[in-house]
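>>> Generate coordinates for the sequence data below:
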Amino acid sequence: MTYYGAKQLAASFRTVRKNTIQIAEDIPEGKYDFRPAPDTRSVGQTLVHIALSPRFQLYVHRNGITDLKTVNFPALFQELTADEAKPRNKAEIVSLLKSSGEEFATYVEGLSEEFLAEQVTTPFGPDPSVANVRSRFEMLLAPKEHEMHHRGQLMVAQRMIGVVPHLTRQMQQRMAQAQAAAGQQQR
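Okay, the predicted model is just below:
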């Protein structure tokens, strides 16, 4: 028996995606072309990249792939890159974040412990000449970790364009309430 399985992974992914969607909604559409530095993705491109990234994991696991050497990476990433490059407005990006996030979470929450424990051979690792093995569970954590990485970038971009991230605003509100409550107790 495990204490963190498919349902917990899906729930935590939904939480991460909900926070990403809030960032997407908080950034004005006029700032979706903002780039924190040259040669980086814009805010809009980063959000689309986040939305589409789980597709790789869905492809691998829905198809029961157990050795990533069998995946045609150039063709798969060419398809993903072409989809990322499609022009989208803010509403379309937010909608894509919602639909792709729910598609991934719904898929994950229905997986069995046996499936999550299956091993997948991957050529990626510290020594490419040696086969590396990962569980499907570990691989299915990757979209959440990947999203958190890019969400950190988006929060820096928010600060650069003058938007206080919602998680910071929430923490500030909790601190103000705690200080107010402490002030009430001292009276």
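
>>> Can you name the residues that contact the residue nearest the centre of the chain?
Residue closest to the average C-alpha location in the chain (CA atoms, centre = their mean): Glu147, at 2.5 Å. By CB atoms under 8 Å, 6 or more residues apart in numbering, the contact set of Glu147 is 16-17, 20, 50, 53. Quick note: C-beta positions are derived from backbone N, CA and C, even for glycine.

>>> Repeat the analysis, applying 6 Å as the threshold.
16, 50 (CB atoms under 6 Å, 6 or more residues apart in numbering).

>>> got it, and the one 3 residues further on?
Listed by CB under 6 Å, 6+ apart, the contact partners of His150 are 46, 50.

>>> 56 is where my numbering starts, stick with that
Okay, residue one is now 56; in that scheme the one you just asked about reads as His205.

>>> Shouldn't it be within a helix?
Yes. Counting by DSSP: H, G, I helix; E, B strand; the rest coil, His205 falls inside a helix.

>>> quick one: it and Gln77, what's the gap?
The gap separating His205 from Gln77 is 14 Å, by CB to CB, to the nearest Å.

>>> for Arg214, same thing?
15 Å.

>>> which residues in the chain form helices?
61-81, 98-107, 109-117, 128-140, 145-164, 168-172, 191-215, 221-240 (DSSP state H).

>>> Nearest to Pro91, out of these?
Nearest to Pro91 among the helices of the chain is helix 191-215 (5.0 Å), distances taken as CB to CB.

>>> Next, the angle from the closest one to helix 145-164.
160 degrees (axes from the mean of the first three to the mean of the last three CA atoms, to 10 degrees).

>>> in terms of contact, does Gly99 touch Tyr87 like I think?
Yes. With contact defined as CB atoms under 6 Å, Gly99 and Tyr87 form a contacting pair (3.6 Å).

>>> And for Gly136, the neighbour number?
Quick fix: residue 136 reads Thr, not Gly. If you count neighbours by other CB atoms under 10 Å, Thr136 ends up with 11.

>>> relative to helix 191-215, how tilted is the helix or strand of the chain with the lowest mean pLDDT?
Least confident helix or strand, the chain: helix 221-240 with a mean of 87, by mean pLDDT, DSSP states H and E. Calculated by the same axes, to 10 degrees, helix 221-240 forms an angle of 80 degrees with helix 191-215.
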